[in-house]
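>>> Requesting a structural model of the entry that follows:
(4 chains)
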There are 4 protein chains.
Amino acid sequence: MIVIVREGVAPDKLDELCGYLRSQNVEPHVVVGEKRTVVGLIGDTTCIDVHRLESMDQVASVRRVSEPFKKAGRQFHPDDTVVEAGGAVFGGGHFGVMAGPCAVESEEQCMAVAAAVKKAGATVFRGGAFKPRTSPYAFQGMGEEGLAILSKVKREFGMPVVSEVMDARDLPLFDDVDILQVGARNMQNYSLLKELGKTDKPILLKRGLAATIEELLMAAEYIMAGGNERVMLCERGTRSYDTRTRNAFDVSAIPVLRGLTHLPIIADPSHATGRARLVPPAAYAAVAAGADGLEVEVHCDPAHAASDGVQALLPAQFDEMMRRASLVRAAVADPLAVL
Amino acid sequence: MIVIVREGVAPDKLDELCGYLRSQNVEPHVVVGEKRTVVGLIGDTTCIDVHRLESMDQVASVRRVSEPFKKAGRQFHPDDTVVEAGGAVFGGGHFGVMAGPCAVESEEQCMAVAAAVKKAGATVFRGGAFKPRTSPYAFQGMGEEGLAILSKVKREFGMPVVSEVMDARDLPLFDDVDILQVGARNMQNYSLLKELGKTDKPILLKRGLAATIEELLMAAEYIMAGGNERVMLCERGTRSYDTRTRNAFDVSAIPVLRGLTHLPIIADPSHATGRARLVPPAAYAAVAAGADGLEVEVHCDPAHAASDGVQALLPAQFDEMMRRASLVRAAVADPLAVL
Amino acid sequence: MIVIVREGVAPDKLDELCGYLRSQNVEPHVVVGEKRTVVGLIGDTTCIDVHRLESMDQVASVRRVSEPFKKAGRQFHPDDTVVEAGGAVFGGGHFGVMAGPCAVESEEQCMAVAAAVKKAGATVFRGGAFKPRTSPYAFQGMGEEGLAILSKVKREFGMPVVSEVMDARDLPLFDDVDILQVGARNMQNYSLLKELGKTDKPILLKRGLAATIEELLMAAEYIMAGGNERVMLCERGTRSYDTRTRNAFDVSAIPVLRGLTHLPIIADPSHATGRARLVPPAAYAAVAAGADGLEVEVHCDPAHAASDGVQALLPAQFDEMMRRASLVRAAVADPLAVL
Amino acid sequence: MIVIVREGVAPDKLDELCGYLRSQNVEPHVVVGEKRTVVGLIGDTTCIDVHRLESMDQVASVRRVSEPFKKAGRQFHPDDTVVEAGGAVFGGGHFGVMAGPCAVESEEQCMAVAAAVKKAGATVFRGGAFKPRTSPYAFQGMGEEGLAILSKVKREFGMPVVSEVMDARDLPLFDDVDILQVGARNMQNYSLLKELGKTDKPILLKRGLAATIEELLMAAEYIMAGGNERVMLCERGTRSYDTRTRNAFDVSAIPVLRGLTHLPIIADPSHATGRARLVPPAAYAAVAAGADGLEVEVHCDPAHAASDGVQALLPAQFDEMMRRASLVRAAVADPLAVL
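Numbering: from 1, shown residues only, chains lettered A, B, ... in the order given. Sure thing, here's the model as predicted:
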């Protein structure tokens, strides 16, 4: 950590600052430049209160040198984390695809979609039972009944299932769900994250609508600090000023995350783009950029989907997407070895 | 609602679309242009599923003409809503100021700040007992003990209090709190919003970090749809690409909201700017733009605040701010009458 | 074009509006809904002044149904445009790669890089002679001397060259340059765009730092309206709120542009990411999303580059990138045929 | 400047880095922390090439401690700059208002508007002769003829005039214009900025559509580095993700700029908001936040304006705005003295 000292601070005030820093168990190292003086801190700075430091009279600004995320960071955990859930494996060279409808609508719907996506190679079945909808008047999901349908799919097809949990009080209902999804709108619902830290299930943590990469990693840190280290991060596009796209799907975030964290990185091209026509190119791009997995919405009858039908792929489109995505993955395999 | 038809749709497919629309109890009105055909819908379109419509083959896009927010919108509720809480009044020409420390740290701290802000004219005491912090390793608030301190302040100074609730399960602890605050990170925590809709306390709903104005109003709609119509909206800056400011504090959102909604509009210049030096100008600007109230962080010893001390005003600074803000308010009073 | 009428407009005022519209040679078609009245316009609306219409008392808002870009739009020009420059071909199934140093620094530097990139398969040599730098104190490029070096490279290696033009007054110096590049900062320098519309050289038009897709297409329209229809669009990342990435590199913009325009779409992963380590994954992603070409910075000694060395690939890295990008391209070839 | 060293760099590589730094005439000062090593640079670092440094193997990142803007920065020029133009004065406690139509349309129009705005207290007449329009098919301004009309206004009313210059080649036509405006789209048109640096006229430099505060100051630096130090900065709103506002009008940028620069800070509430109804509240907010002046669009017949009529105030509205703005200014006068 580096403390940049205000101009014109008197020597005794600088000594006072150094005394405070020593009281925090770090050793200040003063560097007097021609125009600015800076103080480098040697020791464990995780206990330093940056805000308090910044509000001191002597201090112009404070800059961190090491990262605020510990358990999620690659610095102390250089090897990739591999997350396994009901046979599906993500990270550390393993690739998986979660596919299914946006919302669970009926047993028939789910069975039909599950048969199609399993055949095409999906490794996890997705389906929302509790739906976070922008409008209180929109379909809010089938709830517990939807989770029961997911259990049937799981047994029928031998596929693990992933579903979104919106409220810590609902957790007992998710016993049979293999991967718990945290939606973008709840990425900083710290009460929920803390509860998920106490569970032993893999978490699929979606990046908030306009969350920074650091905030995403700090949200993962909340879960991991609670004891659950099986977290997967999910890029799903971020807020953009452009009205011709639904979100900005910044694929450069994937290799940036790869450098910062050991956790698996999943991409959701369906929510990223919001239009079926755009889903396959976005999926290929995510895989090309190094994603460890995809989450894709598939529906047998998108025109009659209860939510987000406009972005669902038909089974035939999904099948095509899977085949091409596999070729793209082969093309970029092991990219870090050379570069 | 207007449906823009894809180019080249055959007459029978257009008829099919119109048939579907009639089945939804709206009357389609086809307008054939030189290049594009559009269908205007007459009737109650609130039940129309826009996503389903958009995913139909015949449809290029769908545009809403009326607003998706009903109870929060000014259209069906032209008069300003006045929210009263423990004697403080906001909206409809009433102005109030909520002031106090970011976090409740001790009884002494709160009593000292409360005495100062009450003297300067604040009408509500603020203090966080449950703190949403980006890092799981940062101070998370005093919790229930903090709420007990707020109760003492309330009795001692006869001031209503506002405090943030992060988890629906904590609601029973907030019995003695006058205004329930929803933090920016929880603006779309729909489970929490639904629970707040069942309470009878005023809600201070903070705009999400990068929420649109429409999303803010839809979050209010969630609370109101549950039966609680005493919602105040709070502007606190939104995510910006600039690193020299903490947030973009877009004051034009205040008169835009004024046109769209009857709910009181509060501004939080402390979180908007993040620096004590910037708080007064931002406060004056918010008042000048027409805000119905302010929420401001005040601390007697910002350098030792447990959180966000760098943005807290000293009592003397707050007193100065209150006097000038009052002059600004007088300068712009009743602005809509003339313009 | 659809005109949404304000609530409560009297019939005679509505007639007045319709009269004005007829005077603009379009036929108004009034649709009276339960809550709102809209007027659909039939005829050629390109001459309608939307701003004037919006400022009329009767009008709540105006929504365009057809696109504001004509020559750049796919609507009136369904087939892909193929741009050829000195033997390199882009668009309509043709793929090309422009590679070379950010700035021309010396003949030796350019010859070495050109030999390497040609061998790896690049089809155009890039090099900046006039450099738009954020600071007036930074290296501004070699200017005319730099262009002379590009001419030598062109003759020596038989490769066409691309270089940025910043000022219409410099155009006579660019006689021997094959493709004129417009930098992101000049995307809306309309004086320059108009001059380029009078030339007969292909233009590589970079998307502005925070330009919308529509603004990019309107900038292309400026050039095309002047008579030069050989325009290539270049995605190079847009402004983001995140500080961990240089830009947001939204690959979904590539298929969105593909739907809107017939012009070739190039991607610049070097400026999009700003770090050599991130360039190959971003390049693969752009190709996977359907780009018609790449522009990549390559340098034999990035640590001593005069500008932007941190994002330049070494020749060996570029060679590897070319081989993998070619496999990615094969994997996604002809994606529109099926989906 | 602080260089953060990569982890695990061997001592001889660190020595090599220090040797390079000494060759650049700065003295490296190594601070070895528990986890990271940093090198503080003592001496004049303006000549250091940050990009080159960042691309060296030993370097993780580089952080500037002092500002990149010199002439525009307050650090070396603590007193406010006062800009005078034809009797109007801005900055250092002086406040002025530039008002007039978006575009010069006719002599009658300009004379009528000029009479009205002068009476209401405007100190400069504004009018565009060369208009940067998003569409090449929109009205591009009256050009030279428009400038001749501005000259007549200037003589008739004894008011200085401000008008936008889009092309350095047009500069000879602007002899009689008192203040040269650089539009948002040209803020980083460095060729134009360099030419303006050679003139002796005050420059009104508009912030780019999504320019950072630092980029705005660096654009001013371009003009000032050329010898022209009479630059005024103009906030006009920046790109936002929200579709309910035209721009984000972040007033906190005004006090932030005040801290960084000595140049006058003007606000343009017309372009910031794009709607006449929103202009007065935005103007009051800008004044409340400490702006040194305003630029406002006024038109006697907005419904028939040739461009941007929807945001123009009527003379009576402008008069009201001027009176209230003056009261707001009095309320916040001398804000830095106390806080």
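
>>> quick one: the helices in chain A?
For chain A, applying DSSP state H gives helices covering A:11-23, A:50-54, A:107-120, A:144-157, A:190-197, A:213-225, A:253-260, A:269-273, A:279-288, A:315-332, A:335-338.

>>> CSV for those, including mean neighbour count and mean pLDDT?
All C-beta atoms are positioned from the backbone trio N, CA, C, and that covers glycine. Converted to CSV, these look like this (neighbours: other C-beta atoms under 10 Å in any protein chain shown; pLDDT from 0 to 100):
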stretch, mean neighbour count, mean pLDDT
helix A:11-23, 14, 88
helix A:50-54, 20, 79
helix A:107-120, 19, 97
helix A:144-157, 17, 98
helix A:190-197, 23, 97
helix A:213-225, 24, 97
helix A:253-260, 22, 97
helix A:269-273, 28, 96
helix A:279-288, 31, 98
helix A:315-332, 20, 96
helix A:335-338, 12, 43
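
>>> ok, A:Gly146 - contacts?
For A:Gly146, the set of contacting residues under the criterion of C-beta atoms under 8 Å, 6 or more residues apart in numbering or on different chains consists of A:Ala103, A:Val104, A:Gly127, A:Gly128, A:Ala129, A:Phe130, A:Ser163.

>>> Could you check which residue of the stretch 51-200 of chain A lies nearest chain D?
Here the stretch 51-200 of chain A gets closest to chain D at one residue, A:Val65, 4.8 Å apart by C-beta to the nearest C-beta.

>>> wait, that residue sits on A:Ile2?
Yes. Look at A:Val65 against A:Ile2 with C-beta atoms under 8 Å: they come within range, at 6.4 Å.

>>> Give me the common contacts of these two.
When contacts are counted by C-beta under 8 Å, 6+ apart, the set common to A:Val65 and A:Ile2 consists of D:Val38.

>>> who's more crowded, those two?
When A:Val65 is set against A:Ile2 and neighbours are counted by other C-beta atoms under 10 Å in any protein chain shown, the residue ahead is A:Ile2, at 24 against 21.

>>> Just the pLDDT at A:Arg64, thanks.
The per-residue pLDDT reported for A:Arg64 equals 78.

>>> got a list of what it touches?
By C-beta under 8 Å, 6+ apart, the contact list for A:Arg64 reads A:Met1, A:Thr45, A:Val50.

>>> Kindly recompute the last result at 7 Å.
With contact taken as C-beta atoms under 7 Å, 6 or more residues apart in numbering or on different chains, A:Arg64 is in contact with A:Met1.

>>> what do you get for A:Ile2?
Contacts for A:Ile2 were tallied using C-beta under 7 Å, 6+ apart; they are A:Val38, A:Gly40, A:Arg63, A:Val65, D:Ile2, D:Val38.

>>> and the stretch 151-300 of chain A, which of its residues are near chain B?
By the rule C-beta under 7 Å from any C-beta of the partner chain, the part of the stretch 151-300 of chain A lying against chain B is A:166-167, A:169, A:185-186, A:188-191, A:209-210, A:215, A:218, A:221-222, A:225, A:239.

>>> Whichever residue of chain A sits closest to chain B: what's it in contact with?
Of all residues in chain A, A:Ala210 sits closest to chain B, with a separation of 3.1 Å (C-beta to the nearest C-beta). Neighbour list for A:Ala210: A:Thr238, A:Arg239, B:Leu209, B:Ala210, B:Arg239, C:Tyr241 [criterion: C-beta under 7 Å, 6+ apart].

>>> Mark which of these are buried, thanks.
A:Thr238, A:Arg239, B:Leu209, B:Ala210, B:Arg239, C:Tyr241 (16 or more other C-beta atoms under 10 Å in any protein chain shown).

>>> For the stretch 51-200 of chain A, just list every one of the strands.
Listed in chain order, the strands found in the stretch 51-200 of chain A under DSSP state E, counting those that start in this stretch are A:59-63, A:83-85, A:88-90, A:96-100, A:124-126, A:161-164, A:179-182.

>>> As JSON lines, these with distance to C:Ala10 and mean neighbour count would be great.
Rendered in JSON lines, the data for these read as follows (distance: least, C-beta to C-beta, whole Å; neighbours: other C-beta atoms under 10 Å in any protein chain shown):
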{"stretch": "strand A:59-63", "distance to C:Ala10": "60", "mean neighbour count": "17"}
{"stretch": "strand A:83-85", "distance to C:Ala10": "64", "mean neighbour count": "21"}
{"stretch": "strand A:88-90", "distance to C:Ala10": "64", "mean neighbour count": "23"}
{"stretch": "strand A:96-100", "distance to C:Ala10": "54", "mean neighbour count": "28"}
{"stretch": "strand A:124-126", "distance to C:Ala10": "54", "mean neighbour count": "28"}
{"stretch": "strand A:161-164", "distance to C:Ala10": "50", "mean neighbour count": "26"}
{"stretch": "strand A:179-182", "distance to C:Ala10": "53", "mean neighbour count": "24"}
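
>>> Residues of the stretch 201-339 of chain A that sit close to chain D?
A:Arg239, A:Ser240, A:Tyr241, A:Thr243.

>>> Do I have it right that the last one meets D:Ser240?
The one in question is A:Thr243. No. Taking C-beta atoms under 7 Å as the contact criterion, A:Thr243 and D:Ser240 are not neighbours in contact, 11.4 Å apart.

>>> Those two: who's more crowded?
More neighbours surround D:Ser240 than the other of A:Thr243 and D:Ser240, with 24 against 11 (other C-beta under 10 Å).

>>> who's in contact with that one?
A:Tyr241, B:Asp250, D:Asn247, D:Ala248.

>>> and with 8 Å instead?
Contact analysis of D:Ser240 by C-beta under 8 Å, 6+ apart lists A:Tyr241, B:Thr238, B:Ala248, B:Asp250, D:Asn247, D:Ala248.

>>> do the same with A:Asp178
If you count contacts by C-beta under 8 Å, 6+ apart, then A:Asp178 has A:Ala85, A:Gly86, A:Ala88, A:Val124, A:Lys154, A:Pro160, A:Val161, A:Val162, A:Lys201, A:Pro202 around it.

>>> quick one: it from B:Ala283, how far?
Taking C-beta to C-beta, to the nearest Å as the measure, A:Asp178 and B:Ala283 are separated by 50 Å.

>>> What of A:Thr37?
Applying C-beta to C-beta, the value for A:Thr37 to B:Ala283 is 33 Å.

>>> The residue nearest to the spatial centre of chain A pairs with what?
Closest to where the C-alpha atoms of chain A average out (C-alpha atoms, centre = their mean) is A:Leu233, at 2.7 Å. Using DSSP bridges, the bridge partners assigned to A:Leu233 are A:Leu205, A:Ile265.

>>> That one contacts A:Pro202, correct?
No. With contacts defined as C-beta under 8 Å, A:Leu233 does not count as touching A:Pro202, sitting 11.8 Å away.

>>> any residues in contact with both of the two?
When contacts are counted by C-beta under 8 Å, 6+ apart, the set common to A:Leu233 and A:Pro202 is empty.
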